[in-house]
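Enquirer: Sequence and computational prediction follow.
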Amino acid sequence: MLWFVAALLLFNVVYVLFRPRYSLPDALKLPSRSSILWFAVAVGLISFLVRLIFPVGWVLHPVGFQLCYFPQYVAFFAIGIVAQQNHWLDQLSLQLGKQFFRIALVMVFMVFPLLFIVTTKLALPMSSFNGGWNGQSLVLCLWEQITGISISIALLSYSRHHWNVSNVFFNTFARSTYSTYILHPLIVIGLSVLLADVSIEPLIKLLIVAPLSIILSFIVGKLTLKLPGADKIL
């Protein structure tokens, strides 16, 4: 899981190197719904082209980067910088969030199943979704970006209007989110191994492992910060 930390470090290094040479215009308004959707389509098309060379499953060792997903990572990183500079989060309306929530519902519960139904009916190879010059890869790339961006905007909008508060419980664990992210694979894998030979339904195992993993990961993450020097690193 630390591959993502390495990717963020790489993005930050590139940003620091190029920031003095290139400056973004100030006072950019939050893009309209149509502009956001066109942006999602553009990222989807770039992802489709990248997957012609780096299909899903191709991994860059030893860092573990799957370059097929990097167009969206780079796009979100860049947009995050612009959004912060222009205070786009403060401009998110609840109405816009509801609009993108409805788009996300359509994409998840209608478009996604339909994509696989058509693939099955036409006896098309499932491997085509991984990349290549075919309609399945193109549609999946577009679906991923439109769905991901729609869910992100819906959650950000809802959070701004309903969860933009602080309390003692969340403040206590907020400081340990980074250490929790780094250490959580150990907890998840450990619990999964412990229950691997237990004869119960997989869904029940999930209902046991998922909440325990979240709770224990945050506890271990918080305790780790108490180690000498850990607070400065994490």
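Expert: That came through, no problem. Numbers count the residues shown, from 1 in each chain.
Enquirer: Let me see the domain layout of this protein.
Expert: Annotated domains of the chain cover 3-162, 168-233 [automatic domain parsing].
Enquirer: Confidence-wise, which of these is weakest overall?
Expert: Mean pLDDT per stretch puts domain 168-233 lowest among those, at a mean of 88.
Enquirer: Using neighbour counts, pick out the buried residues of stretch 171-188.
Expert: By 16 or more other CB atoms under 10 Å, the buried positions in stretch 171-188 come out as 176, 179-184, 187-188. Using the backbone N, CA and C atoms, a C-beta is placed for each residue, glycine as well.
Enquirer: before we move on, what about stretch 2-20?
Expert: Under 16+ other CB under 10 Å, the buried positions of stretch 2-20 are 7, 11.
Enquirer: Identify all contacting residues around that stretch.
Expert: Here stretch 2-20 makes contact (CB atoms under 8 Å, 6 or more residues apart in numbering) with 63-65, 70, 73-74, 77, 81, 181-182.
Enquirer: mind redoing it with 10 Å?
Expert: 59-60, 62-66, 69-70, 73-74, 76-78, 80-81, 178, 181-182, 185 (CB atoms under 10 Å, 6 or more residues apart in numbering).
Enquirer: And stretch 182-200, by the same measure?
Expert: In contact with stretch 182-200 (CB under 10 Å, 6+ apart) are residues 1-2, 5, 176, 180, 202, 204-210, 212-221, 223-224, 233-234.
Enquirer: so how far is that stretch off the chain centroid?
Expert: 23 Å (CA atoms, centre = their mean, to the nearest Å).
Enquirer: mind checking the longest helix of this protein?
Expert: Of all the segments assigned as helix in the chain under DSSP state H, the longest by residue count is helix 135-162.
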